[in-house]
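> structure of the sequence below:
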Amino acid sequence: MSTKVSDHILERLREWGVDHVFGYPGDGINGLLAAWGRADNQPRFVQSRHEEMSAFEAVGYAKFSGRIGVCAATSGPGAIHLLNGLYDAKLDHVPVLAIVGQTHRTAMGGSYQQEVDLHTLFKDVASEFVETVTVPEQLPNVLDRAIRTAYARRCPTAIIIPGDVQELDYSAPTHEFKMVPSSLDRSDWTAVPTQEALERAAEILNSGDKPAILIGQGAAGARAEVERTAELLGAGVAKALLGKDALSDELPYVTGSIGLLGTRPSYELMRDCDTLLTIGSSFPYTQFMPEFGKARGVQIDIDPHMVGMRYPYEVNLVGDAKATLQRLIPMLDAERGEREWYSTVCDNVSRWRDVMDQRAQQSADPINPEYVARALDPLLPDNAIVTSDSGSTANWYARHLTMRPGMRSSLSGTLATMGPGVPYAIGAKFAHPDRPAIALVGDGAMQMNGLAELITAAKYRDLWEDPRLVIAVWNNHDLNQVTWEMRAMEGAPSFLPSQELPDVQYAAFARSLGLTGIRVEKPEDVEAAWRAGLQADGPAVLEFLTDPAVPPIPPHATWEQMEATAASIVKGDPDAASMVKQGFKAKVQEFLPGREKK
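Numbers count the residues shown, from 1 in each chain. You can find the predicted model right below:
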């Protein structure tokens, strides 16, 4: 039997080490599906409930495995559905390959059913590489370049394969004119800055008395080097959300997340520092950076297109974080005298931990959402993979979960799209079937797509060596993050027709699929629910009824701002009284961390 183009594509994916493809079937990829049947489902075709979830699962797989994530979809509507997940990959710099079908070549340009101009569709999201295979001889080069580009540029790429091309006999390119051969190898490489640039950076960092370090996901491979740098400089270390698992939160000088979802010690670190070293982060909110002109800055980033954008850095070191720091560390002054600044940073961190503990202990109606995250923190397994969805849940993820060495975590950092929490966790389970995964999601995201993806979890549960996949739902009947943004940014009361959500029985739905489902309505049952979910013999849904009136207060909020926000909404907000009460109870802990709990 002859080898078809579709057979060769799957064979080449296997040669690249691809072991899973996340997809949804359709007649635009019928040739590929037939090839999967002939290949005994290698690489494994993982069927989601929706192509967007396939893309999110590929992103989650790539984020937690370090390997390329691959998704597949049919022409037209299937390809369109991939876009949100692919944009998530693009903005978070994750290598993902999309393989999509297209109508037959004979029908292209004829306004045929499901015909979409896929090159134009993917022109932006897969701007680094998108190509249509029109003859077999374009392979394997097109596929190889798509994979190499995705790895090298840390981006999504796409290849488009018309249905009739998938069924053609494969013939390899020759040495003839206008043929393009290809190869598999992708050797490792490391970028490092020049010695002169490193010396200028060291001079700046050694000159400061109040150093701060900001890290992102680009620092994840340089954990030991970041720790050594912080210790030599006597610096505090703040983390962008994508870098939450890049350094242990147990270190006394790690101030935690930065930004609206961040901590007060991180805010104070940036406000008061006189030198700033940013490593592997493109954190965009300059209002949380040091005031321009107040601090001297150095940046390290492997991508020359991403340096010098967020702050007026004096030196932009283009290079791999680990290799660059290894060369920089010997130039740093280890004899820096008194460490008053370092002690202040550590004291601020310690005090904040007390504040967050007391916030979580405050009463609410019925359950304080902060307590749900706080109760999970000490129960997290050492090898846990944690995903968070966008929304108010991300606040509690950012502030209450202590990342320890060996743990992994992520969320949609730059696109901040709703919906990836559950599919990220499913992708993580295929990347690491021997590790537990925990997804933290709001009821809005769960209704958007999480409920459907529980079916995917149920379908594949038996493939995972460690069966634990815990999905925690903060059920507050409210699109809570937007509600609070309306209150704080617009001075407007909650608009119920857009914000109010129906009360869905998430735990009951999980049980209908044969999964563990626990509905928690009282705070005294929260910890027991977490323990049960983490001990379950398969996927579990924990549904916590939480109070929407507990505010995700920004770390820089003052009493005056709190009072102004309250005054602007009391006149019409349906939850005004509860919101003011809970906001006061939360904010007062920053000023009186030892006060008696109410």
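
> from P523, how far out is the residue lying closest to V18 once chain neighbours are set aside?
Nearest residue to V18, sequence neighbours excluded (C-beta to C-beta, 6 or more residues apart in numbering): P43, at 5.0 Å. In short, each C-beta sits where N, CA and C put it, glycine included. According to C-beta to C-beta, to the nearest Å, P43 and P523 sit 45 Å apart.

> just want to know which of the two has more residues nearby.
Legend: neighbour count by other C-beta atoms under 10 Å for P43 and P523, higher for P523 (20 against 17).

> the stretch 351-500 of the chain: strands as residue ranges?
385-388, 408-410, 437-442, 469-475 (DSSP state E, counting those that start in this stretch).

> tell me the strands beside the first one, with direction?
Okay, so that is strand 385-388. Taking DSSP bridges as the criterion, strand 385-388 forms sheet pairs with strand 408-410 (parallel), strand 437-442 (parallel).

> got those as TSV, with mean pLDDT and distance to R200 columns?
Below are the strands paired with strand 385-388 laid out as TSV (pLDDT from 0 to 100; distance: least, C-beta to C-beta, whole Å):
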stretch	mean pLDDT	distance to R200
strand 408-410	98	33
strand 437-442	98	42
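
> in CSV: those, plus mean neighbour count and distance to H305.
Compiled in CSV, the strands paired with strand 385-388 are given as follows (neighbours: other C-beta atoms under 10 Å; distance: least, C-beta to C-beta, whole Å):
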stretch, mean neighbour count, distance to H305
strand 408-410, 24, 22
strand 437-442, 29, 32
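
> now the residue most central in space within the chain: closest residue in space, sequence neighbours ignored.
Centroid-nearest residue in the chain: L411, 2.4 Å away (criterion: C-alpha atoms, centre = their mean). Distance criterion C-beta to C-beta, 6+ apart; nearest residue to L411, sequence neighbours excluded, is S388 at 4.2 Å.

> pull the number of nearby residues for that neighbour.
Residues near S388, counting by other C-beta under 10 Å: 31.

> which ones are touching the residue nearest to the centre of the chain?
Counting by C-beta atoms under 8 Å, 6 or more residues apart in numbering, L411 touches L241, L242, T387, S388, D389, S390, A394, Y397, P420, G421, Y424.

> specify which member of the residues you listed is nearest to A323.
Proximity of the contacts of L411 to A323 (C-beta to C-beta) peaks at L242, which lies at 20.4 Å.

> neighbours around that closest one, how many?
L242 has 26 nearby residues by other C-beta under 10 Å.

> helix/strand/coil for it?
helix (DSSP: H, G, I helix; E, B strand; the rest coil).

> same question, the one 5 residues further on
Using three-state DSSP, the secondary structure recorded for L247 is coil.

> could I get the full set of helices for the stretch 451-598 of the chain?
451-460, 480-490, 496-499, 506-512, 526-535, 559-569, 576-591 (DSSP state H, counting those that start in this stretch).

> circling back: between the strands paired with strand 385-388, which gets nearest to G26?
Checking these against G26 by C-beta to C-beta gives strand 437-442 as the closest, at 27.2 Å.

> which residues are contacting the closest one?
The contact list for strand 437-442, computed with C-beta under 8 Å, 6+ apart, reads 373, 376, 380, 384-389, 391-393, 396-397, 421-422, 424-426, 428-429, 450, 468-474, 476, 479-481.

> redo that, cut-off 7 Å
Identification of contacts with strand 437-442 by C-beta atoms under 7 Å, 6 or more residues apart in numbering yields 384-389, 391-393, 397, 421-422, 424-425, 428-429, 450, 469-474, 480.

> between it and helix 451-460, how many degrees?
160 degrees (axes from the mean of the first three to the mean of the last three C-alpha atoms, to 10 degrees).

> could you number the chain from 31 rather than 1 from now on?
Sure thing, new numbering starts at 31, so read that last one as strand 467-472.

> and strand 467-472 with helix 556-565, angle?
Relative orientation of strand 467-472 versus helix 556-565 (the same axes, to 10 degrees): 140 degrees.

> now strand 467-472: how far from the chain's centre is it?
Taking C-alpha atoms, centre = their mean, to the nearest Å, the mean C-alpha location of strand 467-472 is offset from the chain mean by 12 Å.

> report the angle between that strand and strand 499-505.
Using the same axes, to 10 degrees: strand 467-472 against strand 499-505 is 10 degrees.

> returning to that earlier point: closest to A390 out of the strands of the stretch 381-530 of the chain?
When the strands of the stretch 381-530 of the chain are compared by C-beta to C-beta, strand 499-505 sits nearest A390, at 13.6 Å.

> other residues contacting the closest one?
399, 402, 423, 452, 455, 459, 467-473, 476, 480, 487, 536, 563-564, 569-576.

> do the same with stretch 273-288
With C-beta under 7 Å, 6+ apart as the criterion, stretch 273-288 contacts 244-247, 249-250, 253, 256-257, 260, 265-271, 292-293, 295-296, 299-300, 310-311, 313, 318, 372, 375-376, 379, 428-429, 432-435, 437-439.

> could you list which of those belong to helices?
Among those, the members falling in helices (DSSP state H) are 253, 256-257, 260, 295-296, 299-300, 372, 375-376, 379, 428-429.

> now the residues you listed: which count as buried?
253, 256-257, 260, 295-296, 299-300, 372, 375-376, 379, 428-429 (16 or more other C-beta atoms under 10 Å).

> now for those residues: which two are most distant?
Once C-beta to C-beta is applied, these give Y372 and A428 as the farthest pair, at 23.6 Å.
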